[in-house]
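Chemist: Based on what follows, work out the 3D shape:
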Amino acid sequence: MSTFAQSIISGLGQGSAYAMLAVGFVIIFKSTGVISFAQPALMAAGATLVSYLVFQFGLGFPAAVAVGVLVLAGVGLGLERVALRPLVGRPVFVAAIVTLGLDTAIRAVTNRFIGPDLRPVGDPWGYDRLELGPLFLQHRYLAMIVTAAIVLAALFTFFRYSRVGLAMRATAFDQETSLAQGISVGAVFALSWALAAGLATLAGVFVAAGSGVSQGTWVVGLKALPAIVLGGLDSLPGAVVGGLAVGVVEALVQTYQPVHAPWLGGNFSLVAPYVLMLLVLLVRPYGLFGTPEIRRV
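Modeler: Model prediction:
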């Protein structure tokens, strides 16, 4: 039983990072109609920047994370203004291809700063564990869960009650009507990219916590894709549920599959999120919380 509980906690910890990444994907998609494939690269870039701020510039870990989030938010603003804004009115497919190009370019630059070895991010938890009876819970997973809960709660409050958040929700619902009401849709697009880049930085820091950031860290960001498809491309709560579900399923498969189904191979946990996504799509093609698209002929 303790093994099962520990797997659930570790899965929720990893799932918290996936949830923050998935929320970034959904914010951009709801605002612009584009799936940004640059999120994994921004995640790795943010974690790398935090590493340099801690070890090269001597900032404390909390300050380095705060600065990293702000800097990457600025990078997100710049990317939207320079690379995506000129594509307004073009087919969504074109913008998605541009985000793939941005992903490649950002990863190429980031990898030069990472180097061939792992770079620690300076997190204070490492692999330290908290003992609760028969349970041994890693501090980093508890920190992931608590931080993600606070950040996502603040974000949902922002969308629900602030004027800017309401403007973003209105733009996501109908861009033309929002323009007619005086909302700056371009500013909403830029802010969505800034928020997504900041969330990607937080996710990258937690993904690298305890191990470090490497040239392959960006691959972890791809697990946010089954999370958003699972929860629904246009649903922020669905992104959170999808991210947590992917993390828990991955942790449970990693714990039990080598014992009970070794014939599936040693790395089946890497495939498990995509299998879960396919199973859900067979029952709910628009995801658990997605809005069905109804076409009338």
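
Chemist: For the helix or strand residue 169 falls within, give the mean pLDDT please.
Modeler: Counting by DSSP states H and E, the element that carries residue 169 is helix 163-173. Averaged across helix 163-173, the pLDDT comes to 80.

Chemist: other SSEs contacting the next helix-or-strand element following that helix?
Modeler: Tracing the chain past helix 163-173, the next element assigned as helix or strand by DSSP H and E is helix 175-180. Packed against helix 175-180 by the contact rule (3 or more CB pairs under 8 Å, 6 or more residues apart in numbering; DSSP states H and E) you find helix 163-173, helix 185-208. (Each C-beta comes from the backbone N, C-alpha and C, glycine too.)

Chemist: among the ones you listed, which is the most enclosed?
Modeler: Greatest average neighbour count among the helices and strands packed on helix 175-180 goes to helix 185-208 (a mean of 25), per mean count of other CB atoms under 10 Å.

Chemist: Output it as CSV, restricted to C-alpha atoms.
Modeler: What follows is helix 185-208, C-alpha atoms only, in CSV (Å, rounded to 0.1, in the frame of the first residue of the first chain):
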residue,chain,number,x,y,z
VAL,A,185,-6.7,41.4,-29.4
GLY,A,186,-3.0,41.8,-30.2
ALA,A,187,-2.2,42.6,-26.6
VAL,A,188,-4.2,39.5,-25.5
PHE,A,189,-2.2,37.4,-28.0
ALA,A,190,1.1,38.7,-26.6
LEU,A,191,0.0,38.2,-23.0
SER,A,192,-1.0,34.7,-23.7
TRP,A,193,2.5,33.9,-25.0
ALA,A,194,4.1,35.6,-22.0
LEU,A,195,2.0,33.6,-19.5
ALA,A,196,2.7,30.4,-21.4
ALA,A,197,6.4,31.0,-21.4
GLY,A,198,6.4,31.8,-17.7
LEU,A,199,4.5,28.6,-16.9
ALA,A,200,6.9,26.7,-19.1
THR,A,201,9.9,28.0,-17.1
LEU,A,202,8.3,26.9,-13.8
ALA,A,203,7.6,23.5,-15.3
GLY,A,204,11.1,23.2,-16.6
VAL,A,205,12.6,24.0,-13.1
PHE,A,206,10.5,21.3,-11.5
VAL,A,207,11.3,18.8,-14.2
ALA,A,208,15.0,19.4,-13.7
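
Chemist: Against which helices or strands is that helix packed?
Modeler: Partner elements for helix 185-208 (3+ CB pairs under 8 Å, 6+ apart): helix 2-32, helix 39-55, helix 61-79, helix 139-161, helix 163-173, helix 175-180.

Chemist: helices and strands of this protein: which one has the lowest mean pLDDT?
Modeler: When the helices and strands of the chain are scored by mean pLDDT, DSSP states H and E, strand 129-132 comes last with a mean of 67.

Chemist: So which residue is smack in the middle of the protein?
Modeler: Nearest to the mean C-alpha position of the chain, by CA atoms, centre = their mean, lies residue 21 at 0.7 Å.

Chemist: for this structure, what are the low-confidence residue spans?
Modeler: 1, 126-134, 292-297 (pLDDT under 70).

Chemist: mind listing what residue 103 touches?
Modeler: Residue 103 makes contact with 37-41, 218 under the criterion CB atoms under 8 Å, 6 or more residues apart in numbering.

Chemist: Tell me the buried residues in the one helix or strand it maps to?
Modeler: Residue 103 belongs to helix 92-114 when assigned by DSSP H and E. Residues of helix 92-114 classed as buried under the neighbour-count rule (16 or more other CB atoms under 10 Å) are 95, 98-99, 102-103, 106-107, 110-111, 114.

Chemist: can you check stretch 61-72 too?
Modeler: Buried, per 16+ other CB under 10 Å, within stretch 61-72: 61, 64-65, 67-69, 71-72.

Chemist: Stretch 68-88 now?
Modeler: Neighbour-count burial for stretch 68-88 [16+ other CB under 10 Å]: 68-69, 71-73, 75-77, 79-80, 83-84, 87.

Chemist: ok, and what's touching that stretch?
Modeler: Taking CB under 8 Å, 6+ apart as the rule, stretch 68-88 contacts 32, 34, 38, 42, 45-47, 49-50, 53, 94-95, 98-99, 102, 186, 189-198, 200-202, 205.

Chemist: returning to what we had before: got JSON lines for the buried residues of helix 92-114, with distance to residue 244 too?
Modeler: As requested, these are exported to JSON lines (distance: CB to CB, whole Å):
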{"residue": "95", "distance to residue 244": "29"}
{"residue": "98", "distance to residue 244": "30"}
{"residue": "99", "distance to residue 244": "25"}
{"residue": "102", "distance to residue 244": "28"}
{"residue": "103", "distance to residue 244": "25"}
{"residue": "106", "distance to residue 244": "27"}
{"residue": "107", "distance to residue 244": "27"}
{"residue": "110", "distance to residue 244": "27"}
{"residue": "111", "distance to residue 244": "30"}
{"residue": "114", "distance to residue 244": "28"}
